[in-house]
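1. Have a look at this prediction, sequence included:
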Amino acid sequence: MNSPGTSFGWVEVVLTILKILLIVGFCLNFSAIAVWADRRQSAMIQHRVGPNRAVVNVPSFIIQGILTAPGILLGALAALGLGQALTPQAAIERMGVSLQLIVFVAWFNLVLLSWRVSRKGALNAFEAAVGSNLPRAYFYAGLAGHVVVALVSVAVARQVSAGQIASDKAYLAARVASVVLGGLMGASGVYAAMRIPKGPVGIRLAGTLHGIADALKMMFKEDFIPKNADRLLHALGPMIALFPALVVMAVVPFGEQLCFQDVNKNGSFEFAELLRVKGAMARDAVCEGHSVPLQIVDMNVGILYIFAISSTGVIGAAIAGWASDNKFSLLGGLRAASQMVSYEVAMGLSLMGVLLIYSSLRFTPMVSWQNMYAWGIFVQPIAFFMFLAASMAENKRVPFDQPEGESEIVAGYFVEYSGFKFGMFMAGEYVEIFTGAAIMVTLFFGGYTMPFLFADGIDVTIGETTFFAYKMNHLAVTVIQALAFFGKSVFLSWVIIFFRWTLPRFRYDQVMRFGWTKLLPLAIGNLAVTAVAVVAIDAAGPGLHSTLKLLGQLSHALVAGAMLVLPVGLVWLFLRPVESTRFLRSSSARFAAAAGGVKPTPMQA
Amino acid sequence: MSTDTENTPWMKPRSGDFTTKKVERPTRDFEVQSYLPAVTKGLVQTMGAFFKNTKEMILGQKKDPVIESLSWGITTISYPEEKRPYTDRFRGLHRLTIRDDGSPRCVACLCCSTACPAQCIHIEAGEYSEGDPRRGYERYPAKFVIDELRCIFCGFCVEACPCDAIRMDTGLHAVPYDSREQFIYGKDLLMGMTGRDGSRLTENPRHEPGDPDHPGIDRERAH
C-alpha cells in the first residue's frame, strides 16, 4: 500500500500484478510438483521404484549445450568483474567468495565424476585416478577445504585492514581467484559435455515429468457430468474449492520490503526508479524512498482475513457433494462440511495465544517480533501442534480425510468429477498444503527471517557478546529473506505430505470428538495460560526481560546450528557406504546368482 | 459327562485341566493418549525408509531384485530395462530347427499337432519330388503354422517330435503385437528363429538317407 504522501502510480499497479503472478504461478506449479513428491514419498517408504516412466528424448547436442553454457557464462561473469574498481575490503571479500566457490566447484565435480566412473568405468587415466577414491573422500576433503579457506580469508582480511598487506596485493589475489574460478567452471562444463554419448539422451528428471503428463491427461479427458446433476453447481464446486486456497496467500508476506531510492525527489514512483534499489539499510530504519512491501496486500486485519476466506472452502466441497446427484458424494460433502466447520473454531482459538504475544493481527509485525525475540514454535509449541492438527483437518488431509475415505464412500464429494474439474480439486488440495505451511511458517517459524539476519546484515549477538558481524546490502538481504520464506514453506509442506504416508485415517466419530472435546478445551486453556503469562511478564522487572531475551537468542542459535548441521548430516547420510548381506534363500535366487543377477537390457519399443 | 466322549477318534484328547490365560488390555497411558510420541516414531520410521531408499535409487546401490529379493529395500524389477534371467529350460517361442542344407528337419509326421492340447499347430505335408532320395522315405512340411495366441507353452510338441525339429529354446516370450494376424507364425519365420546359443541347428546328429551311418532302412538298402 502507498504511504499517505505518495500519489497513485502505475508502477504500484504493475508491481502488484507481478506479485500476484509470482504467488499464483508458484502455488499452481507447486501443486503439480507436490503431487509428484507425494507419489515419490509413497514409493520410497513402501520400497517401490515410483514414478519414473515418463521420458523425453533430447538430442545430445542440447544436453551438451545445457552443460556447457552455464559453466562458460558463469566463468565469463567471474572474469568480467576484473575491470571494476574495488576498495581493498571489497577485493578481499571477492577473493574469499571466489575461493569458497572454487572449493565447492572442485569437490562437487570430483564427487560427481568419481561416482560416474564407479558406475560407467573410466575413459582415461585422469578419470581412473579420480575414480580410485570414493566420492565421500572428496566431500570430506571439500568440507575441510571450506573451513581452511574461511580461516585464511578472515586472517588475510585482518592483515589488510591492519595495513600489513598492501592493497594492490589484495586486488591481485581477488583477480587471480576470479580467473581460476571462471576457468574451473568453464572447464568442468566442457568436460561434462564431452562425456555425453552421441544420440538422443532420455531425460526423466526423477519422474517430475509425470506431473506434466498428468496435467495434459486431465485437460484432454472427458468432462463427465451425471445426468441428473445440477450443471451450474457441479461446475461451480471445484472453482469455489480452488479459489480460497489461492486467495489466502494475498496477505502472507514473502519478504519484508524492497526499498527503492527516490531519485527525482518528487515523491512519485516512476519506472526508471525500479533499477535504483537502495544500497544499504540501517537496522530498523524506515524506508525513505519508495517502499514496496513483499506481500500482495498488507491488510490490518491480516489473520482474520485468512480465517474468513479459508472458511469459504467448505462451500466448494458441500456444493460439489450436493450437485453430483450421488449418495456417496452427498455423504462426503456432509462429512467435509461438518468437519471443516468444527475445526474452524479450534483453529481460530489455537492462534489466540500467539496473537496475544505478538499483539498484532498483521503478519509483518509478527515476523519482526519473532526475529527480535524467538520463533513462535519456541514461544507457543502447544499452539503450533494444535494449529497443525486443525489446519490438516481443514485441508481434509490424512489422518483427517474421512470426506474422501475410499474404503467407505469411494472418493467422497468428488466421485462424479473427472477431467480438469477433478484436477482443480486436486490442485486446490495441494495449494492448500502450501498456503497452510506458509501461514505456519509465518506464525511459528519466523516467516521470511533467518536467525541473526537483520536488515543490515548478519549479526550473531548472544547476550552482550558479538560473535560474528557482517554487513550486507539491502538487495542481498531481501533475496535471502524471500528464498528463506519459500524454502521453509516448501520444507514444511514436504513434512505435511509425509504425514499421509505415516498416519492411518481416524474414524469419523474420533475426528469430531477430537475437535470438540480435546482441541477446543486445550485451545481455550492455552489462551488462558498465555494471557496470564503475558500480563505477568509485562509486569515483571527488567531482569526477567533480559533473561527471556537471552533465551530467545539461544533459540536462534539453536536454529542456526541446526540449519548448518542438517545439510552436512544429510550429505553424510547420502555418502555413507551401503552394507548388504546376500542370502540366497530360494532356488530361483541361486539360479539368478549363477546367471549374474538381473540383466540390464536396452529399452525396447 | 461320561468319559466315553474323550476316546472318540475325531476329538483331540484332553490333556490335564484347563488353564486360563489372562490377556492384558492395552494400556492407555499418557504416551498413547497424547498421540504425538507415536506419530514421531512413525515419522522417524517412514523418513528413514524414504532417505535410505532415495539414496540407494540415486546412487545406483539398489539391491539385485532377484538375488536379494527378500532383503530390505526396493526389489522391483524395472521391466523392460531389467529382466529376470530365464532358466535353461524356459519354454519360449517355438523355432523349427534346420538341417545342414537349410531345409527343415521336420518330416511332417503330425506328431506335434496331434499332441498339442491347444490345437495351435497346423501342418500341411508335401511329398518330395520324383528322384529325391528322401521321396517315399519322409515328407516335408509344405505349410507349418503355429498360432502363438492359442499356444499354452506346455512343451508337448517338443516332447512329441521324433526328429528334434521343433524346439522352444529361443528364450523369447510372446511379443506384444497390435493385430491377431501377426501372432500366426509361418514356416519361414519359425525357421528363421535361433536358439539361445544363436544357432538355427541342433546338436543332435541327423542321418540323411544314403549316409553310411544311417541306422534305418532306406530305398537303396531296402528290404
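-> Great, that's in hand. Residues are numbered from 1 along each chain as shown, chains lettered A, B, ... in the order given.
2. So which residues of chain A form strands?
-> Using DSSP state E, the strands of chain A run over residues A:56-58, A:201-203, A:257-260, A:290-293, A:453-454, A:457-462, A:465-471, A:599-600.
3. Can you check which of these gets nearest to chain B?
-> Chain B sits nearest to strand A:599-600 of all the strands of chain A, at 4.9 Å, using CB to the nearest CB. Glycine gets a C-beta too; all of them are placed from N, C-alpha and C.
4. Show the average pLDDT along that closest one.
-> Across strand A:599-600, pLDDT averages out at 70.
5. Quick one: end-to-end length of stretch B:103-113, please.
-> Its start and end residues considered, stretch B:103-113 measures 20 Å (CA to CA, to the nearest Å).
6. Pull out the buried residues from that stretch.
-> When burial is assessed from 16 or more other CB atoms under 10 Å in any protein chain shown, stretch B:103-113 yields the following buried residues: B:104-113.
7. Repeat that for stretch A:301-308.
-> By neighbour count on 16+ other CB under 10 Å, the buried set for stretch A:301-308 is A:302-303, A:305-306.
8. list the buried ones in the longest strand that chain B contains?
-> Taking DSSP E as the criterion, chain B has its longest strand at strand B:140-147. Going by neighbour count (16+ other CB under 10 Å), the buried part of strand B:140-147 is B:140-141, B:144-146.
9. ok, now stretch A:18-32?
-> Buried residues in stretch A:18-32, counted by 16+ other CB under 10 Å: A:19, A:23-24, A:26-28, A:30-32.
10. Low-confidence ranges, chain B, go.
-> B:1-14, B:214-223 (pLDDT under 70).
11. So what touches the lengthiest helix in it?
-> As assigned by DSSP state H, the longest helix anywhere in chain B is helix B:36-58. Helix B:36-58 has contacts (CB atoms under 8 Å, 6 or more residues apart in numbering or on different chains) with A:41, A:44-45, A:47, A:49, A:385, A:498-499, A:501-503, A:570, A:573-574, A:578, B:31-32, B:61-63, B:73-74.
12. re the thing from before, restricted to helices, list the buried residues of stretch A:18-32.
-> Judged by DSSP H, the subset of the buried residues of stretch A:18-32 located in helices is A:19, A:23-24, A:26-28, A:30-32.
13. quick one: contacts for A:Ser588?
-> Contacts of A:Ser588 (CB under 8 Å, 6+ apart): B:Val66.
14. Quick check: it vs B:Pro65, distance?
-> Remark: distance between A:Ser588 and B:Pro65 (CB to CB, to the nearest Å) = 11 Å.
15. I'd like the next helix or strand past the longest helix of chain B.
-> Later in the chain than helix B:36-58, the nearest helix or strand by DSSP states H and E is strand B:82-83.
16. How about the residue of the stretch 301-450 of chain A found nearest chain B: what's its closest non-neighbour residue?
-> Nearest to chain B in the stretch 301-450 of chain A, going by CB to the nearest CB, is A:Phe385, at a distance of 6.9 Å. Using CB to CB, 6 or more residues apart in numbering or on different chains and skipping residues adjacent in sequence, the residue nearest A:Phe385 is B:Leu36, 6.9 Å away.
17. Tell me, how many residues neighbour that neighbour?
-> A count of nearby residues for B:Leu36, using other CB atoms under 10 Å in any protein chain shown, gives 10.
18. Walking through chain B, point out its helices one by one.
-> Applying DSSP H to chain B gives helices spanning B:30-34, B:36-58, B:111-115, B:156-160, B:187-192.
19. Return the last one as CSV; C-alpha atoms alone will do.
-> Put plainly, it is helix B:187-192. The C-alpha coordinates for helix B:187-192 follow below in CSV (Å, rounded to 0.1, in the frame of the first residue of the first chain):
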residue,chain,number,x,y,z
LYS,B,187,7.3,-71.8,-41.6
ASP,B,188,9.8,-69.2,-42.7
LEU,B,189,9.6,-67.2,-39.5
LEU,B,190,9.8,-70.3,-37.3
MET,B,191,12.9,-71.5,-39.3
GLY,B,192,14.5,-68.1,-39.0
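20. Mind listing what's buried along that helix?
-> Neighbour count says helix B:187-192 has B:187, B:189-191 buried, by 16+ other CB under 10 Å.
21. ok, of those, which one's closest to B:Pro85?
-> Distance to B:Pro85 across these (CB to CB) is lowest for B:Leu190, with 24.7 Å.
22. Can you name the residues that contact that closest one?
-> When contacts are counted by CB under 8 Å, 6+ apart, B:Leu190 touches B:94-96, B:144, B:146.
23. what do you get for A:Glu93?
-> A:Glu93 neighbours (CB under 8 Å, 6+ apart): A:Ala157.
24. Any figure for the gap between it and chain B?
-> 35 Å (CB to the nearest CB, to the nearest Å).
25. what's the burial count for residue 152?
-> I'll assume chain A. Applying other CB under 10 Å, we find 13 residues neighbouring A:Val152.
26. That was the other one, I meant chain B.
-> Neighbourhood size, B:Ile152 [other CB under 10 Å]: 11.
27. pretty sure it is touching B:Pro117, no?
-> Yes - with contacts counted by CB atoms under 8 Å, B:Ile152 reaches B:Pro117, the gap being 6.9 Å.
28. and the stretch 401-550 of chain A, which residues reach chain B?
-> Taking CB under 8 Å from any CB of the partner chain as the criterion, the stretch 401-550 of chain A approaches chain B at residues A:498-499, A:501-503.
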